[in-house]
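Enquirer: starting from these lines, generate the structure:
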Amino acid sequence: MFKRKEEGPETLKAIALQRTICESDDPETLLHTISNVIALGEPDTMDQLWAQSAFRRRFLEVYRNPSDGVSRLVGYTGSPSKLVESARQLYRGAAAHILLSMNPDWHTSDALQSCANLLSDIAGLDASTILKPTPPLGKPSSKFTRSNLGLFAIWRRPYGNTQAHTDSIGNYLVACSEVLAGSSDRQLLLFFSWIVCWYTAPSTPRSEPVGRITDESRAIYSSPLSHKRRARRTLQSVEIIRSAYTRDSADVARVVQGAFQALVRTESRDLLDCGVVLTNIFRGIERILADEQFNPDANVQHAFELLESCETVLRSPRVPPTAREIGENLRMSVAQLWRREYIARRAGNKSSNELMTALHSYLIHVRSFKRDEYGYDEDIAVERVFGAMLRPISADVSELKGGPAVCEAFSAFVEEVSKNARINARRVRDPDGHWCHWEEEILAFEGTHESL
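Expert: Numbering: from 1, shown residues only. Now for the predicted structure:
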């Protein structure tokens, strides 16, 4: 039974899921129930759910025989084969979600062996079965896509850094990035970014061959203890994936920055369409920051951290123009969020220390870039957006704790970029000796500098 000390919403949901999947024979109800298993996000809850032998037996039954139930679905008039394949994808994704959400050290021998058997099944699947980012029927949700990526990672891991199925995997990841582009799911952004880093890394970690995983998970031992140890060891072969899958979404900016660095590497261009994937990651971040505008508990520091990740890659000449346009929107979203929080805290006579710290960290970050031709337009954009935000309130900001450091950092940034603008202006002077548009940027900088 579930531990009932603290029955939060997720625990109550898991109890309902267990009861439904164990007692219902209605195919539509079972499909909805399995889709809700994917929505369980707390590892402790998943551990308790998988520990129930009745749940395990019933889940494995519907997982291995999806056609038995869906063939009886009332009211469906489409292709039976597409319906069955959609159910298979859902059940496999749920299996991957369970494997990557639970803690192997928590479970009994039987529970561990059930997971080891699932791992064996996934490792033995054909590439054409795995590399399907969307179900034949319906639009994939962010949680479906995340669990599907988990399925891909479990299947892919035994191959290490071989180039098997490169074209198909590249197309698969591009399709998954399209789902990310329309989602504000931080967990999907984090795990997809990790997958990009992992897949494109020159030294992708290798694990035991598929055959050995299969042999170990299916072996029968006379000693229950050795049986349990062997099953646990089999599950530990995907520990690196489990760690990424359950990673705290507060780490998303660091992982996203790693994905950006991978996508602008020359070597990655042979693996997938880096420009499309990078742009779709930008779109996903744009959706997340747009949602934060309506979140009363928005974390300004996390918003700036995401923006810092984007600022780093925006200085690369390999960033598509569409991503640069989105980058401008991201700056404005973060500036609006900061200003909203600033006004609210000043009106409520609350501390603005966290806001000053976040903004100062961002300004130090953009100051750290080399001032060159690739970052010139981005520097101009940073000055315009955050200069417009700071100018009207600079006198007030300078009186707050951390405020003088913010004003000094911004003034220093403006001075550095203004100096770079003069250098660029001399380089592009026309034959008649007249300054072109660069001179206008210089004058704007000087005015901004004096205002602070």
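Enquirer: helix or strand with the lowest mean pLDDT in this protein?
Expert: Scoring the helices and strands of the chain by mean pLDDT, DSSP states H and E places helix 210-218 at the bottom, with a mean of 38.
Enquirer: check which helix or strand the nearest residue to residue 101 once chain neighbours are set aside maps to.
Expert: In this structure, residue 101 finds its nearest non-sequential neighbour in residue 46, 4.1 Å apart by C-beta to C-beta, 6 or more residues apart in numbering. C-beta coordinates here come from the backbone N, C-alpha and C atoms, glycine included. For residue 46, the host element (DSSP states H and E) is helix 43-50.
Enquirer: list the buried ones in that helix?
Expert: Neighbour-count burial for helix 43-50, counted by 16 or more other C-beta atoms under 10 Å, picks out 43, 44, 45, 46, 47, 48, 49, 50.
Enquirer: after it comes which helix or strand?
Expert: Assigned by DSSP H and E, the successor of helix 43-50 is helix 53-64.
Enquirer: relative to helix 43-50, how tilted is that next one?
Expert: Relative orientation of helix 53-64 and helix 43-50, computed by axes from the mean of the first three to the mean of the last three C-alpha atoms, to 10 degrees: 90 degrees.
Enquirer: count the residues that sit near the residue lying closest to residue 66 once chain neighbours are set aside.
Expert: In space, not counting the residues next to it along the chain, residue 66 is nearest to residue 87; the distance is 4.0 Å by C-beta to C-beta, 6+ apart. Counted with other C-beta atoms under 10 Å, residues neighbouring residue 87 total 26.
Enquirer: and if you look at residue 303?
Expert: When neighbours are counted by other C-beta under 10 Å, residue 303 comes out with 25.
Enquirer: hmm, back to that, what pLDDT does the residue nearest to residue 66 get?
Expert: pLDDT for residue 87: 84.
Enquirer: against residue 80, how distant is it?
Expert: Residue 87 sits 11 Å away from residue 80, going by C-beta to C-beta, to the nearest Å.
Enquirer: likewise residue 265?
Expert: In terms of C-beta to C-beta, residue 265 sits 45 Å off from residue 80.
Enquirer: and the helix or strand encompassing residue 253, what does it pack onto?
Expert: Following DSSP H and E, one finds residue 253 within helix 252-263. With contacts taken as 3 or more C-beta pairs under 8 Å, 6 or more residues apart in numbering; DSSP states H and E, helix 252-263 sits against helix 186-200, helix 274-292, helix 300-314.
Enquirer: using PDB, list the CA coordinates for the first one.
Expert: Listed in PDB are the C-alpha atoms of helix 186-200, where the atom choice follows Å, rounded to 0.1, in the frame of the first residue of the first chain:
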ATOM      1  CA  ARG A 186      10.800  23.200 -18.600                       C
ATOM      2  CA  GLN A 187      11.400  19.500 -18.000                       C
ATOM      3  CA  LEU A 188      11.000  18.800 -21.700                       C
ATOM      4  CA  LEU A 189      13.400  21.700 -22.500                       C
ATOM      5  CA  LEU A 190      15.900  20.400 -20.000                       C
ATOM      6  CA  PHE A 191      15.800  16.700 -21.100                       C
ATOM      7  CA  PHE A 192      15.700  17.500 -24.900                       C
ATOM      8  CA  SER A 193      18.800  19.800 -24.400                       C
ATOM      9  CA  TRP A 194      20.600  17.000 -22.600                       C
ATOM     10  CA  ILE A 195      19.700  14.600 -25.400                       C
ATOM     11  CA  VAL A 196      21.300  17.000 -27.900                       C
ATOM     12  CA  CYS A 197      24.500  17.300 -25.800                       C
ATOM     13  CA  TRP A 198      24.600  13.500 -25.300                       C
ATOM     14  CA  TYR A 199      23.900  12.600 -28.900                       C
ATOM     15  CA  THR A 200      26.400  15.100 -30.500                       C
END
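Enquirer: tilt between that helix and helix 252-263?
Expert: With the same axes, to 10 degrees defining the directions, helix 186-200 sits at 30 degrees from helix 252-263.
Enquirer: name the helices or strands packed onto helix 186-200?
Expert: Using 3+ C-beta pairs under 8 Å, 6+ apart, helix 186-200 is in contact with helix 142-156, helix 166-181, helix 239-245, helix 252-263, helix 274-292.
Enquirer: tell me the most buried of the ones you listed?
Expert: helix 142-156 (a mean of 25; mean count of other C-beta atoms under 10 Å).
Enquirer: which neighbouring elements make contact with that helix?
Expert: helix 27-38, helix 80-101, helix 109-123, helix 127-130, helix 166-181, helix 186-200, helix 239-245.
Enquirer: tell me the angle of it relative to helix 274-292?
Expert: Here helix 142-156 runs at an angle of 140 degrees relative to helix 274-292 (the same axes, to 10 degrees).
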